[in-house]
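A.B. asks: coords please:
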Amino acid sequence: MRTGIGNVGGAFPASERSGSIVAQCRQAIADLVGGTADGVILGPNMTTLTYRLAETLSLDWEAGDEIVVSRLDHDANVRPWIQAAARRDVVVRWAEVDISTTELPSAQYAGLLSARTRLVAVTAASNIVGTRPDVAAIAAAAHAVGALCYVDGVHATPHIPVDVRALGADFYATSAYKWSGPHVGTVVADPALLETLRPDKLAPAPDSVPGRFERGTAPFADLAGVVAAVEHIAAIGGTAAGTRRERVLASMAAVEAYECELFGRMLGGLAAMEHVTLYGRAERRAPTAFFTVAGHSPSAVAGHLAGAGVNVWSGDNYAWELAGRLGLRESGGAVRAGLVHYNDEQDADRLLAAVADLADVR
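C.D. replies: Predicted coordinates:
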């Protein structure tokens, strides 16, 4: 911003600088998740981009076709597809969560998919209970019937190494602000797949992939921040060896191990408190606890923790379907406490101490 940026496509330095920033941003995101730079769609946030892709993909849907969404997902990977299906008279099928464990059994997809299935939408990690379903198995089942798989990676990307090809994701969505970046969203796909799609756009806007999916002028300074965020992640592992992609994978493997250990400490402490009810017992999960405290509303607990210097969320956190299945939607949801790589034992202990304080305040 100090050196000057302009819109892309001009023959002057500020414009050339913006074009370079966009290219660097696409490559950084590709290095983060294992995609191809030419398949990186940039936008304001995951929700906006998912609505845009739902509008575009549904143009090829016909009455009687089917889609599959899950009760585990954030509503941003549910409602856009349901609303698009309603406009095209497409059948919506639901993958259900085992409420006793909050697992999303992949075996159920065999009974949900058919030759009419056009899309399967699933999260790589629940944003409230942390459940990490077997996305690769779900994607493989979708591909076996000729369907596409749209994966919400917003909550997974900050916590685990991501390889979109290994997941089998035809579309992988993530948000930079979840991994220390600015408020920029992205969807990563195979450029060859994007070439088959024709989104609505302005007549003079770029017709090439991925530009034709991006509406309006990009926030170039924010895109530069995305690059910086990926560089930060690549440096966490403490090594300068290898490509940026290799360094990202090493860093995120270290992050996953560190957060798992710290989360175990926090989860064990919460489980030992009689006045705390925990939700979520999946075998594989992101470091996210969802809980209620007897005698206190979730918002009151969040306020108490904020006073102790602990930042948590309360409510349904847009996990509308799962909060309803857990019976929490009408009672104010629950408290969501997550860990990231810059948390430490003192942060976990501070949370536990603040929650313990509430045992005697009824």
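A.B. asks: Please name every helix or strand in contact with the helix or strand hosting Arg245.
C.D. replies: Using DSSP states H and E, Arg245 falls within helix 244-271. Judged by 3 or more C-beta pairs under 8 Å, 6 or more residues apart in numbering; DSSP states H and E, helix 244-271 is in contact with helix 13-33, helix 220-236, strand 276-279, strand 288-293, helix 345-357. Heads up, the C-betas are built off the backbone N, CA and C, glycines and all.
A.B. asks: The stretch 101-250 of the chain: helices as residue ranges?
C.D. replies: 109-112, 135-144, 164-167, 191-195, 220-236, 244-271 (DSSP state H, counting those that start in this stretch).
A.B. asks: got the angle between the last one and helix 345-357?
C.D. replies: Using axes from the mean of the first three to the mean of the last three C-alpha atoms, to 10 degrees, one finds that helix 244-271 and helix 345-357 are set 30 degrees apart in direction.
A.B. asks: Quick one: mean pLDDT over helix 244-271.
C.D. replies: In this model, helix 244-271 has a mean pLDDT of 97.
A.B. asks: Buried residues in that helix, which are they?
C.D. replies: By 16 or more other C-beta atoms under 10 Å, the buried positions in helix 244-271 come out as 244-245, 247-252, 254-256, 258-259, 262-263, 266-267, 269-270.
A.B. asks: likewise the first one?
C.D. replies: Using 16+ other C-beta under 10 Å as the test for burial, helix 109-112 gives Tyr109, Leu112.
A.B. asks: Poorly predicted segments of the stretch 251-362 of the chain, please.
C.D. replies: 361-362 (pLDDT under 70).
A.B. asks: what do you get if the cut-off is 80, keeping everything else the same?
C.D. replies: 360-362 (pLDDT under 80).
A.B. asks: With adjacent residues omitted, what lies nearest to Tyr279?
C.D. replies: Phe290 (4.5 Å; C-beta to C-beta, 6 or more residues apart in numbering).
A.B. asks: can you tell me which residues contact that neighbour?
C.D. replies: When contacts are counted by C-beta atoms under 8 Å, 6 or more residues apart in numbering, Phe290 touches Ile128, Val129, Gly130, Leu278, Tyr279, Gly280, Ala334, Val335, Arg336.
A.B. asks: Tell me the spacing between it and Asp200.
C.D. replies: 38 Å (C-beta to C-beta, to the nearest Å).
A.B. asks: Ala14 now?
C.D. replies: 29 Å.
A.B. asks: Compare neighbour counts for the two and give me the winner.
C.D. replies: Comparing Ala14 with Asp200 by other C-beta atoms under 10 Å, the one with more neighbours is Ala14, at 13 against 10.
A.B. asks: Just give the closest residue to the more buried one, not the sequence neighbours.
C.D. replies: Per C-beta to C-beta, 6+ apart, closest to Ala14 is Gly6, 3.7 Å.
A.B. asks: Same question for Thr117.
C.D. replies: Ala147 (4.3 Å).
A.B. asks: Based on its surroundings, how many neighbours for that neighbour?
C.D. replies: 23.
A.B. asks: so what pLDDT did it get?
C.D. replies: 98.
A.B. asks: ok, it touching Val120?
C.D. replies: Yes: if you go by C-beta atoms under 8 Å, Ala147 and Val120 touch, sitting 5.5 Å apart.
A.B. asks: okay, and the common contacts of those two?
C.D. replies: Common neighbours of Ala147 and Val120 (C-beta under 8 Å, 6+ apart) are Val68, Leu113.
A.B. asks: On the pLDDT front, check the residue nearest to Ala63 when sequence neighbours are not counted for me.
C.D. replies: Closest residue to Ala63 in three dimensions, ignoring its sequence neighbours and counting by C-beta to C-beta, 6+ apart: Asp89, at 3.8 Å. With respect to pLDDT, Asp89 has a value of 98.
A.B. asks: next one: Leu202
C.D. replies: 96.
A.B. asks: Please tell me how far it sits from Gly10.
C.D. replies: Leu202 is 18 Å from Gly10, by C-beta to C-beta.
A.B. asks: How about Gly146?
C.D. replies: From Gly146 to Gly10 the distance is 43 Å (C-beta to C-beta).
A.B. asks: most centrally placed residue in this structure?
C.D. replies: Val154 (1.3 Å; C-alpha atoms, centre = their mean).
A.B. asks: For that residue, give me the pLDDT.
C.D. replies: 98.
A.B. asks: Which one, of the helices of the stretch 101-250 of the chain, ends up nearest to Gly181?
C.D. replies: The closest of the helices of the stretch 101-250 of the chain to Gly181 is helix 220-236. By C-beta to C-beta, the value is 3.3 Å.
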